[in-house]
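Undergrad: turn this into a model:
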Amino acid sequence: MFATSPAESVHALDVSGLSAPGVAFWTIADSDELVGCVALKELDPEHGELKSMRTDAAARGRGLGALLLEHVLGEAARRGYRRVSLETGSQEFFRPARRLYERYGFRECGPFAEYVLDPNSVFMTLELPVTDSSREAHPTG
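TA: Numbers count the residues shown, from 1 in each chain. This is a model prediction of the structure:
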């Protein structure tokens, strides 16, 4: 991300961030070759953040981003999250990612969690449908 964004606007998790409590990390491979990854960070019991979603440039256009996103959204629903948010770049390089997120219902929003307004960032969020399993995860008392 340092190749496409100013250092102060890079919010991708490094190895220590990916192994922190509250962060789950998945990869996708083609044979023995790692071709993508994604993380889900718990912000609170009802809100998760999509982090560090990447696909290898040579593997783009094969639907791997959609597979990773669907996996994370399924996990977020299983956990009972009511919302998933993300930060991505505002530069042209990130346009395909923003289009993917929009196709899945993400809409632009203001900064969330620890983020602040940044001209190099686009913040997006998706309200997840309340299901029977999410009601069980978060009873209303």
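Undergrad: all helices for the chain, in order.
TA: Assigned by DSSP state H, the helices in the chain fall at 15-18, 64-79, 95-103, 132-137.
Undergrad: now for the longest strand along the chain, which elements pack on it?
TA: In the chain, taking DSSP state E as the definition, the longest strand is strand 33-44. Helices and strands touching strand 33-44, as assessed by 3 or more CB pairs under 8 Å, 6 or more residues apart in numbering; DSSP states H and E, comprise strand 23-30, strand 47-55, helix 64-79. (C-beta placed from N, C-alpha, C; glycine too.)
Undergrad: residue 116: which of the ones you listed is closest?
TA: Minimum separation from residue 116 across the helices and strands packed on strand 33-44 (CB to CB) falls at strand 47-55, 15.1 Å.
Undergrad: picking up where we left off before, could you dump the longest strand of the chain to PDB, C-alpha only?
TA: Only the C-alpha atoms of strand 33-44 are listed here, as PDB (Å, rounded to 0.1, in the frame of the first residue of the first chain):
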ATOM      1  CA  GLU A  33       0.400 -20.000  -4.700                       C
ATOM      2  CA  LEU A  34      -1.100 -17.500  -2.200                       C
ATOM      3  CA  VAL A  35      -3.400 -15.300  -4.300                       C
ATOM      4  CA  GLY A  36      -5.400 -13.300  -1.800                       C
ATOM      5  CA  CYS A  37      -6.100 -12.400   1.800                       C
ATOM      6  CA  VAL A  38      -8.600 -10.600   4.000                       C
ATOM      7  CA  ALA A  39      -9.000  -9.800   7.700                       C
ATOM      8  CA  LEU A  40     -11.900  -9.000  10.000                       C
ATOM      9  CA  LYS A  41     -11.300  -6.900  13.100                       C
ATOM     10  CA  GLU A  42     -13.900  -6.600  15.800                       C
ATOM     11  CA  LEU A  43     -14.500  -3.000  16.700                       C
ATOM     12  CA  ASP A  44     -17.300  -3.900  19.200                       C
END
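Undergrad: pLDDT of that strand, averaged?
TA: The average pLDDT within strand 33-44 is 95.
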